[in-house]
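Participant: would you be able to build a 3D model of this:
(one chain, ligands or ions: 1)
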Amino acid sequence: MFNNHDVKDIFSGKIANSWEEKSKYISKVIGEDNKIIFFIKKYIKPNMDILEIGCGTGKLLQQIDNLSTNLNLTGIELSNDMLNNAKKKIFNNNISFINSAIEDFLPNKQYDLIIMKQVLHHLSSKEKIFKKLSGFLKTNGKLIIMTPNDKYQMNIIKFKSINDSLGRISDSMIYNYISNLPLIVLSIQHVNSIAKFCSLYEYFMFLYSIGSLQKIYDYKYNYIFVLKFIYMFKNI
Ligand SMILES: C[S@@+](CC[C@H](N)C(=O)[O-])C[C@H]1O[C@@H](n2cnc3c(N)ncnc32)[C@H](O)[C@@H]1O
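Facilitator: Prediction:
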């Protein structure tokens, strides 16, 4: 079982500094992940308290910042290197950044909206997180999650509902996580995305840059080792 220390390692250093450039490893993507902003948009109203968990380099928070006024935005992030990149961005609304694991975070208020984009699959105790987050929401508060589902890369790596190597989460797993909590599923959207890679090297670099390659090996290897492995495919 992996721990937060391993996850933090893979989102530090080189990965943190090249996070927003990762798309250069994808020659053509249809249905890219940033479309989540169009979904989030309908829920944003002035004066809302919004928390993004695993906010990374703050790209999504900045898009939300442009949607309304008088928002109170909070970004929590495990990796200090990712957060340092977020702090360089300029925001119009009130923003606070917290360098912490979500597991250790105890807010002094509740939120209208909590967002987790591509983070849930990195958390080792998902049931506990759902329980915790249900207590962070105001009445009628919403939790918006984007995560790789059981169809993600299914032709390449077989999906396993228990200990899936990529951490993918099926709809039924979501229903199970919240079955005893005061949460209801309002909607689940399945988004297709097609990535076309010109070589195995590009594909591995993509998997590496989103942390998936490290996850497949349960974060056992550090990024320098993983990069050395990928470089072997560079000229193939
Ligand atoms: C795949 S990245 C996604 C980053 C950002 N949400 C995005 O879509 O660009 C996962 C992020 O979650 C952070 N993270 C992982 N586990 C976390 C935890 N337990 N608490 C807070 N952040 C965490 C990582 O450091 C990393 O920045």
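Participant: for the ligand, see how far away the spatially most central residue of the chain is.
Facilitator: Residue closest to the average C-alpha location in the chain (C-alpha atoms, centre = their mean): residue 118, at 2.3 Å. Look at residue 118 and the ligand: by C-beta to the nearest ligand atom, to the nearest Å, they are 4 Å apart. Backbone N, C-alpha and C define where each C-beta goes, glycine included.
Participant: what sits against that residue?
Facilitator: Counting by C-beta atoms under 8 Å, 6 or more residues apart in numbering, residue 118 touches 33, 54, 146, 147, 148, 210.
Participant: in strands, which of the residues you listed appear?
Facilitator: Those of the contacts of residue 118 mapping onto strands are residue 146, per DSSP state E.
Participant: and the contacts of residue 118 near the ligand, which?
Facilitator: Filtering the contacts of residue 118 for neighbours of the ligand using C-beta under 6 Å from any ligand atom leaves 54, 210.
Participant: ranking by neighbours, what's the top pick from the contacts of residue 118?
Facilitator: Among those, the one with the most neighbours (other C-beta atoms under 10 Å) is residue 54, at 23 neighbours.
Participant: look up phi and psi at it.
Facilitator: Reported as degrees, to the nearest 10, the phi and psi values for residue 54 are phi 70, psi 50.
Participant: my read is that residue 127 contacts residue 174, right?
Facilitator: No - here residue 127 does not reach residue 174: they are 11.1 Å apart, not a contact under C-beta atoms under 8 Å.
Participant: which one's more surrounded, the two?
Facilitator: residue 174 (19 against 15).
Participant: that one contacts residue 188, doesn't it?
Facilitator: Yes - at 7.2 Å, residue 174 and residue 188 qualify as touching, with contact defined as C-beta under 8 Å.
Participant: spell out which residues of this structure are next to the ligand.
Facilitator: So far as C-beta under 6 Å from any ligand atom goes, the chain lies against the ligand at 4, 7, 11, 53-56, 59, 76-79, 82, 101-103, 117-119, 122-123, 210-211.
Participant: which among those residues count as buried?
Facilitator: For the residues of the chain next to the ligand, a burial check counting by 16 or more other C-beta atoms under 10 Å picks out 4, 7, 11, 53-56, 59, 76-79, 82, 101-102, 117-119, 122-123, 210-211.
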